[in-house]
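Enquirer: what shape does this take:
(one chain, ligands or ions: 2)
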Amino acid sequence: MSLLLGCIADDFTGATDLAGMLVRAGMRTVQMIGVPQGPLPGDVDAVVIALKSRTTPPQDAVRESLAALDWLRDAGCRQFYFKYCSTFDSTDRGNIGPVTDALMDALGTDFTIACPAFPENKRTIFKGYLFVGDELLSESGMRNHPLTPMTDANLVRVLQKQTSRKVGLVGHEVVARGATAITAHIAALKRDGVQIAIVDAVSNEDLMRIGAALADMPLVTAGSGIALGLPQNFRSAGLLAEGAVAGALNVPQGLRAVISGSCSVATNAQVAHFIASGRPAFAIDPLRLAEGEDLVGMALDWAAPLLPEGPPLIYATAAPDAVKAVQARLGVERAGLLVEEALAAIARGMVARGVRQMLVAGGETSGAVVQALGVSGLHIGPQIDPGVPWTTTLGDTPMALALKSGNFGSVDFFTKAWSVLP
Ligand SMILES: Nc1ncnc2c1ncn2[C@@H]1O[C@H](COP(=O)(O)OP(=O)(O)O)[C@@H](O)[C@H]1O
Ligand SMILES: O=C(O)[C@@H](O)C(=O)COP(=O)(O)O
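Expert: Numbering: from 1, shown residues only. Ligands and ions are numbered 1, 2, ... in the order given. Predicted coordinates for the structure are as follows:
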């Protein structure tokens, strides 16, 4: 069968999150790093092209997303999916609005939805307001994100700042009534000139109802949650085999390491838990990096004798006050880049020292690491926690990678993840 769903993800952890969801829902899925340069490996139903476009200048994000769309169209995909973060990570300039606009223009479509809901990870949307657990987005840890602080939970307002298209809402009272009601409401919104609608969702049942209403929508924009409800449409159309499951991962053996550049609440707790359980950890101080200290060399020398004993952790993860102090000295962008480059160089050094199973925390961090390792694509394996599957790299010398979104995973994620490896 030919490719059904073509996805463009704005960061690498988000891409594995989406690919993992599609695999769970019965679509054979491969994740490619950037626009594929060659043929896809084996038979697949869906492809996720991972970009690092969440925080780049909007014109760069648009250019790269359009290049990805061109490739997916040439590959024959029937529906397209723009994946962003379940916490709608963006700045006032973008990139969710500009990329959505460009994809709609390119596809010649006059309507799409925007729905970052991911109830299993406690991201729910009600009356257009995004909640993270019991808190509004703007009151959650996301208000302190180093690159995309989210200070408004009203998604209609947030998205309207990023697009000249009219943004509307499909409220939960409509979603609860099912696909026919959702379709009718979308038709009414279109008559009012709305071109993009935020859609409320508080449960997986809502995601399935919304999914069923999207069968004929050329472009869907969403977090990974909405992906749960799309395979049923392909199945009903006889395009996807019933009960299809993803192939098993063939996991390469080797040493293990954890690299963490996320400063999210969840990752801070995971780092603290790892250290408190007596495991070895090396902190990267961005100010020392800025002074030119060779922390990369020091970290690798420190880690080398520890590797045979189990995974050491190298981390730049820090609490909001510490991050703000660093950013005040170095600037947001320079601080982020310095840390990403250092962690990427450490990841390369780890692989040179025999590491073949690596856990990376943080979306931008994962992007930097995966690019530094020259990875072209990923096979998707079993889920560790919702939104985080194990993967193996494509190519002749594969390694196992788990790319953890900053805010995902239980507090013991850095230790328990290994037990899920097949
Ligand atoms: N101690 C620190 N001070 C300043 N910036 C940091 C620090 N540690 C990490 N960073 C940067 O913060 C950003 C975290 O983003 P990311 O890796 O996407 O994590 P998340 O998945 O939580 O969003 C990266 O650019 C990283 O380099
Ligand atoms: O949708 C999500 O929350 C994740 O898939 C995601 O994109 C998270 O990004 P980072 O927090 O930057 O890892």
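
Enquirer: who does residue 170 form a beta bridge with?
Expert: When bridges are called by DSSP bridges, residue 170 pairs up with residue 199.

Enquirer: near ligand 1, which residues of this protein show up?
Expert: 146-147, 261-264, 267, 286, 316, 318, 322-323, 326-327, 335-336, 339-340, 362-365, 405-406 (C-beta under 6 Å from any ligand atom). For glycine as for every other residue, the C-beta is placed from the backbone atoms N, C-alpha and C.

Enquirer: buried subset of those residues?
Expert: Using 16 or more other C-beta atoms under 10 Å as the burial test, those include 146-147, 261-264, 267, 286, 316, 318, 323, 326-327, 335-336, 339-340, 362-365, 405-406 as buried.

Enquirer: list the buried residues of stretch 406-422.
Expert: Neighbour-count burial for stretch 406-422, counted by 16+ other C-beta under 10 Å, picks out 406, 407, 408, 409, 413, 414, 415, 417, 418, 421.

Enquirer: so for that stretch, mean pLDDT?
Expert: Mean per-residue pLDDT for stretch 406-422: 94.

Enquirer: residue 220 in helix, strand or coil?
Expert: strand (DSSP: H, G, I helix; E, B strand; the rest coil).

Enquirer: and the strands in the stretch 101-250 of the chain?
Expert: Secondary structure of the stretch 101-250 of the chain by DSSP state E, counting those that start in this stretch: the strands cover 112-115, 123-126, 129-132, 135-136, 166-170, 194-199, 219-222.

Enquirer: need those in CSV (columns: mean neighbour count and mean pLDDT).
Expert: Shown next, in CSV, are the strands of the stretch 101-250 of the chain (neighbours: other C-beta atoms under 10 Å; pLDDT from 0 to 100):
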stretch, mean neighbour count, mean pLDDT
strand 112-115, 25, 98
strand 123-126, 24, 98
strand 129-132, 22, 97
strand 135-136, 16, 97
strand 166-170, 21, 98
strand 194-199, 24, 98
strand 219-222, 24, 98
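
Enquirer: which of those strands sits closest to residue 27?
Expert: Closest to residue 27 of the strands of the stretch 101-250 of the chain is strand 219-222 (C-beta to C-beta; 14.0 Å).

Enquirer: OK, contacts around the nearest residue to residue 264 once chain neighbours are set aside?
Expert: Distance criterion C-beta to C-beta, 6 or more residues apart in numbering; nearest residue to residue 264, sequence neighbours excluded, is residue 406 at 3.6 Å. By C-beta atoms under 8 Å, 6 or more residues apart in numbering, the contact set of residue 406 is 13, 262, 263, 264, 266, 267, 361, 362, 363.

Enquirer: now swap in residue 291 and tell me
Expert: Contacts for residue 291 (C-beta under 8 Å, 6+ apart) come out as none.

Enquirer: if we can go back for a sec, near ligand 2, from the residues of the chain next to ligand 1?
Expert: For ligand 2, the contacts drawn from the residues of the chain next to ligand 1 by C-beta under 6 Å from any ligand atom are 362, 363, 405, 406.

Enquirer: would you turn these into CSV with distance to residue 117 and secondary structure?
Expert: Output for these, formatted as CSV (distance: C-beta to C-beta, whole Å; DSSP: H, G, I helix; E, B strand; the rest coil):
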residue, distance to residue 117, secondary structure
362, 22, coil
363, 18, helix
405, 15, coil
406, 18, coil
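
Enquirer: ligand 2: which of these is nearest?
Expert: residue 363 (2.5 Å; C-beta to the nearest ligand atom).

Enquirer: okay but that closest one is in contact with residue 13, surely?
Expert: Yes: with contact defined as C-beta atoms under 8 Å, residue 363 reaches residue 13; the gap is 4.3 Å.
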